[in-house]
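Visitor: Turn this into a model:
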Amino acid sequence: MAKNFFKRYIWLIDLLYKRGHATFEQISRAWAFSHVNETGESSLPQRTFFNHIAAIEDIFDIVIKCNRTSGEYFIANTDDLEGDGIRNWLLQSISLNNLLEESAGMRDRILFEKVPSSQDWLTDIIDAMRADRAIELTYQSFHRNEPSTFIAHPYCLKLFKQRWYLLARSEEYKQPRIYALDRIHNIQPSEIKLKLPRKFDAEKFFDNYFGIIADTEVYAQTVKIKVDEDQVGYFNSLPLHHSQKEIETTDEYSIFEYKLAPTFDFEQEILSHGPSVEVLEPAGLRDWVASDATKMASIYIK
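Guide: Numbering: from 1, shown residues only. Got it, this is the predicted structure:
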């Protein structure tokens, strides 16, 4: 029964998120034809509807209100949700889940990329952060032959290129470090109080970086790249970084400017676009990319 109610909440959120607003009568009629209406109710009981609204606010922090003039219900904090990365992601996931539920016969024709180990450790880490507790982490990087176990203070989680990463600080290091969830062997809860910097802001921490490498020895600077005309649309539709600006456009190319720290992750992203992207500045990044490109070419050109 609890699972069925959860589906109802998702259905109602998705309905109002897509429509923007709807009267109770419109919602009730939509319920009559909903795929989650397993009992075949001809309408949605009003008391049940109000209970759903209360539960949605409690579980998802999504506030549904009624415009007394028009009698229409709407999501009151949509702007907050769209500005909140995790809740915006949640709404998109809810909408997709609802669509898949309605199109069960199409599941074998809708393919997803796998996110390694996310289901294994996310709950343990989130539970620890919620309880303000450190964790006992058993971890093995690709550069070590054996795993090691240590106390880690979880700061935040970040998803990047289909992998979940944990930013945490251990007693061994002064600065927090990145740990990939797919390289975790085990997590045990601890009674040690989480030591989180008082003004820590996860989004601000990664603000100057592309990806998950937050190297404090690499400083934010102006980066300019030249992008071939046939790739410009991709960069405009999905910017590499929030600081991206298109500062020059011709029929053959565009020049994009960024304010970021050019770490290994950013270099690898540039290289992934091949000859369609050229680094103009800074000179250090240009030389770095040129060196790697030369090494790659030497493998194929004998």
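
Visitor: Please parse this protein into its domains.
Guide: With domains defined by automatic domain parsing, the chain comprises 2-108, 118-203, 221-300.

Visitor: Would you reformat those domains as CSV and include distance to residue 213, mean neighbour count and mean pLDDT?
Guide: Every residue, glycine included, has its C-beta placed from N, CA and C. Formatted as CSV, the domains of the chain follow (distance: least, C-beta to C-beta, whole Å; neighbours: other C-beta atoms under 10 Å; pLDDT from 0 to 100):
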stretch, distance to residue 213, mean neighbour count, mean pLDDT
domain 2-108, 19, 14, 80
domain 118-203, 7, 15, 90
domain 221-300, 4, 15, 95
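
Visitor: Give the full set of residues in contact with the residue nearest in space to the middle of the chain.
Guide: Nearest to the mean C-alpha position of the chain, by C-alpha atoms, centre = their mean, lies residue 159 at 5.2 Å. For residue 159, the contact set (C-beta atoms under 8 Å, 6 or more residues apart in numbering) comprises 115, 165.

Visitor: Equivalent analysis for residue 65, please.
Guide: Here residue 65 is in contact with 73, 74, 76 (criterion: C-beta under 8 Å, 6+ apart).

Visitor: Reformat the residues you listed as CSV; add distance to residue 49.
Guide: Shown next, in CSV, are the contacts of residue 65 (distance: C-beta to C-beta, whole Å):
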residue, distance to residue 49
73, 9
74, 14
76, 16
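
Visitor: Mind putting these into CSV with secondary structure and distance to residue 221?
Guide: What follows is the contacts of residue 65, written out as CSV (DSSP: H, G, I helix; E, B strand; the rest coil; distance: C-beta to C-beta, whole Å):
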residue, secondary structure, distance to residue 221
73, strand, 49
74, strand, 44
76, coil, 42
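
Visitor: I figured residue 221 hits residue 258, correct?
Guide: No. Between residue 221 and residue 258 there is no contact under C-beta atoms under 8 Å: 9.1 Å.

Visitor: where do the strands sit along the stretch 1-150 of the chain?
Guide: 22-23, 64-67, 72-75, 133-139, 148-160 (DSSP state E, counting those that start in this stretch).

Visitor: Give me the nearest residue to residue 168, chain neighbours excluded.
Guide: Nearest residue to residue 168, sequence neighbours excluded (C-beta to C-beta, 6 or more residues apart in numbering): residue 152, at 4.1 Å.

Visitor: if I read this right, the one you found contacts residue 137, doesn't it?
Guide: Yes. Judged on C-beta under 8 Å, residue 152 makes contact with residue 137 at a distance of 4.3 Å.
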